[in-house]
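Colleague: build me a structure from this.
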Amino acid sequence: MKLSMWILADWLWKYNPIIYIKHGEQSLRGVRLYHPEQKMEKQNVYLGRAQDFIGSGGDGVICVHEHDMLLLDTNDIDMVLNEIFSAFDFYNKWADDLTGSIEHNSTLQEIIDISSELFDESVIICDASYKVLSYSANFEKEPFSKDLKSILMERQNSLSKFTCVRTGLQNNDSVNAAFIANFPDFENRLIISNVFNFKKFLGQVLVVEQHHKISEGRLQLASTLGDIVAYWIRYNSEHISMRAEASIFKDLIENKNISREDAVRHLNQIGWRESDDKIVARLSVPNSSANILMKQLNNIGLTVPDSYLIIHEFSIVLIANLRITPMETLKTQLNQIIENSNYCCGVSSTFKDILDFRKYYNQTSIAIKYSRRKVGDIVFCEDYIMDYIYDIIRTNSNTIIMHPIVNSLKEYDLANKADLYNTLYQYLVHERNLVKTAESLGIHRNSLLYRLKKIKEISDDDFNESKIREYILMSFKLDLFTNKAC
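Modeller: Presented below is the predicted three-dimensional model:
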């Protein structure tokens, strides 16, 4: 969220700011300490001591953005810097929480509730006919609410209501920025933020002046809230059909009770067959916010037009039908998405039964976890499933299950500076093929035979027995995984 000098002036009220603001638009993305040789960028507010700007004799701290300036009654520049950092954190969190809640199908009431810390006054949202859609919890408790409710909520005749409200608003329902208004016979002033969708008037956000005097900064924040409400309306109208189609996947991933009959009927409605091969991919962004994910969702949807996308556990989850989007096409699409990004992309095995969707989603988590989160790569669960199995064995076993030869060879190698451990491992991995084993070790065939002879002197196991070979190889892999995990 972009801030303005007006918003910062309100935030820094305790420093008794002297305000010189000519423009005050919401364009600030960060704060920097002023240096005379530094190029001042439009998106930043610059902080310095008054004497740095106006020469000797200046006292206090100055915040500057282009032709706008705040002079603060303090010399503690570090404290002011931290205060401004806190302002950006606070307002960005508010914007992130709002946009994230919209993606998660929030109601207008939830939008107001999320904004309660910012607007602790009464907040009301009306539609274009001035019908009240939602209002804050404290609205009912305020002594003036009865008067305002009689204007907004208790007039049954819409024309009467419209006439009364229009008188108070002075024909300002075409104004883009938030403005101050008064209702007849109502002593509190209000901030009105019109809500538009492609220039069409949809309604208004009303904030009653109570605990905070109306300022330019609060007008700008009300405008931002109006934009969020407009986004809520736009999102809910544009995505209602897509959310309805993707709802089956959202329900399944949240372990809701879905009958097979309902699941199959839903698949048929979107042109999928129960017998189709399906696959799940999870796009995970480290330290992502709901706002970041939501912004990326539409862009990703353009790249994978025949797949369905939902957000779950701060990741974007994709489910594709391989009859409609063949695997090679899907890989190309996923590569386009993660190219030059910080996404980790885990992919499940293919499956048919849609009721197993949640289980295969869990496979994507296995791929991401055991690949050590390879950013920019597509990782498949099948490549890491053995690591997952070994991890389960390692963490759940309360006894020694590895074959004794593993530790015996490690001890021999340590004492004799040998390499019998890796020799036997490669020998079993290459299914006792002497040529391939020697190549993998980079030694001559005769050297390999000598090492194998030494191994047989240490252990009397019969490597011709398949069960023994499988047991020893599993022990090697479990030991290697345990060392890697540590």
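Colleague: domains for this structure, by residue range?
Modeller: According to automatic domain parsing, the chain comprises the domains 5-96, 105-238, 240-383, 399-485.
Colleague: mean pLDDT lowest for which of those domains?
Modeller: Least confidently modelled of the domains of the chain is domain 105-238, at a mean of 75 by mean pLDDT.
Colleague: strands along the stretch 251-400 of the chain, start to end?
Modeller: Secondary structure of the stretch 251-400 of the chain by DSSP state E, counting those that start in this stretch: the strands cover 278-284, 308-312, 315-321, 344-347, 378-380.
Colleague: relative to the shortest one, what are the paired strands and their orientations?
Modeller: When sheet partners are counted by DSSP bridges, strand 378-380 sits next to strand 344-347 (parallel).
Colleague: residues making contact with the partner strand?
Modeller: 279-286, 334, 337-338, 363-368, 371, 373-375, 377-381 (Cβ atoms under 8 Å, 6 or more residues apart in numbering). Where you see a C-beta, it was placed from the backbone N, CA and C, and this is true even at glycine.
Colleague: would you mark the buried spots in it?
Modeller: 344-347 (16 or more other Cβ atoms under 10 Å).
Colleague: circling back to that earlier point, to residue 124, which of the strands of the stretch 251-400 of the chain lies closest?
Modeller: strand 308-312 (29.8 Å; Cβ to Cβ).
Colleague: quick one: strands adjacent to the closest one?
Modeller: Going by DSSP bridges, the partners of strand 308-312 are strand 315-321 (antiparallel).
Colleague: and the angle for the partner strand with strand 278-284?
Modeller: Here the directions of strand 315-321 and strand 278-284 differ by 160 degrees (axes from the mean of the first three to the mean of the last three Cα atoms, to 10 degrees).
Colleague: quick one: contacts of strand 315-321?
Modeller: 249, 253, 272, 276-285, 288, 293, 296-297, 300, 304, 306-311, 330, 357, 361, 364.
Colleague: ok, of those residues, which come out buried?
Modeller: 249, 253, 272, 276, 278-285, 288, 293, 296-297, 300, 304, 307-311, 330, 357, 361, 364.
Colleague: which SSE is immediately downstream of whichever helix in the chain runs longest?
Modeller: When the chain is parsed with DSSP state H, its longest helix is helix 77-103. Remark: after helix 77-103, the chain's next helix or strand is helix 108-114, criterion DSSP states H and E.
Colleague: residue boundaries of the helices in the stretch 51-200 of the chain?
Modeller: 77-103, 108-114, 145-152, 158-169 (DSSP state H, counting those that start in this stretch).
Colleague: now the domains of the chain in JSON lines, with distance to residue 389?
Modeller: Below are the domains of the chain laid out as JSON lines (distance: least, Cβ to Cβ, whole Å):
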{"stretch": "domain 5-96", "distance to residue 389": "38"}
{"stretch": "domain 105-238", "distance to residue 389": "37"}
{"stretch": "domain 240-383", "distance to residue 389": "10"}
{"stretch": "domain 399-485", "distance to residue 389": "9"}
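Colleague: quick one: list the elements packing against the longest helix of the chain.
Modeller: helix 5-11, strand 30-33, strand 44-49, strand 61-65, helix 108-114, helix 216-238, helix 290-303 (3 or more Cβ pairs under 8 Å, 6 or more residues apart in numbering; DSSP states H and E).
Colleague: show me which residues of the longest one are buried.
Modeller: Right, the one you point to is helix 216-238. Going by 16+ other Cβ under 10 Å, helix 216-238 has these buried residues: 216-233, 235.
Colleague: other SSEs contacting that helix?
Modeller: helix 5-11, helix 77-103, helix 108-114, strand 190-197, strand 200-208.
Colleague: residue 471 is nearest to which of these?
Modeller: Closest among these, using Cβ to Cβ: helix 77-103, at 50.1 Å.
Colleague: so which bits of that closest one are buried?
Modeller: So helix 77-103, judged by 16+ other Cβ under 10 Å, has buried residues 77, 80-81, 83-84, 87-88, 91-92, 94-103.
Colleague: same thing with stretch 42-57?
Modeller: 44-50, 52.
Colleague: same deal with stretch 248-258?
Modeller: 248-253.
Colleague: dump that stretch to PDB, restricted to CA.
Modeller: Taking Å, rounded to 0.1, in the frame of the first residue of the first chain, the C-alpha atoms of stretch 248-258 are listed here in PDB:
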ATOM      1  CA  ILE A 248     -15.100 -29.100  -5.500                       C
ATOM      2  CA  PHE A 249     -11.300 -29.000  -5.300                       C
ATOM      3  CA  LYS A 250     -11.400 -26.400  -2.400                       C
ATOM      4  CA  ASP A 251     -13.800 -28.600  -0.500                       C
ATOM      5  CA  LEU A 252     -11.700 -31.800  -1.100                       C
ATOM      6  CA  ILE A 253      -8.500 -30.200  -0.100                       C
ATOM      7  CA  GLU A 254     -10.100 -29.000   3.100                       C
ATOM      8  CA  ASN A 255     -11.300 -32.600   3.900                       C
ATOM      9  CA  LYS A 256     -15.000 -31.700   3.600                       C
ATOM     10  CA  ASN A 257     -17.400 -34.700   3.300                       C
ATOM     11  CA  ILE A 258     -18.100 -35.000  -0.500                       C
END
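Colleague: run the chain-centre distance for that stretch.
Modeller: 21 Å (Cα atoms, centre = their mean, to the nearest Å).
Colleague: what's the answer for stretch 95-110, then?
Modeller: For stretch 95-110 - counting by Cα atoms, centre = their mean - the centre lies 13 Å from the chain centre.
Colleague: with just CA atoms, put it into CSV.
Modeller: Backbone C-alpha positions of stretch 95-110 (Å, rounded to 0.1, in the frame of the first residue of the first chain) are rendered in CSV as follows:
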residue,chain,number,x,y,z
ALA,A,95,-4.0,-3.9,2.9
ASP,A,96,-2.6,-7.5,2.7
ASP,A,97,-5.2,-8.8,5.2
LEU,A,98,-8.0,-7.1,3.3
THR,A,99,-7.0,-8.4,-0.2
GLY,A,100,-6.2,-11.8,1.2
SER,A,101,-9.6,-12.1,2.9
ILE,A,102,-11.4,-11.2,-0.4
GLU,A,103,-9.7,-14.1,-2.1
HIS,A,104,-10.9,-16.3,0.7
ASN,A,105,-14.5,-15.3,-0.1
SER,A,106,-14.9,-12.8,2.8
THR,A,107,-18.1,-10.9,3.4
LEU,A,108,-18.3,-7.2,3.5
GLN,A,109,-18.7,-7.5,7.3
GLU,A,110,-15.3,-9.2,7.5
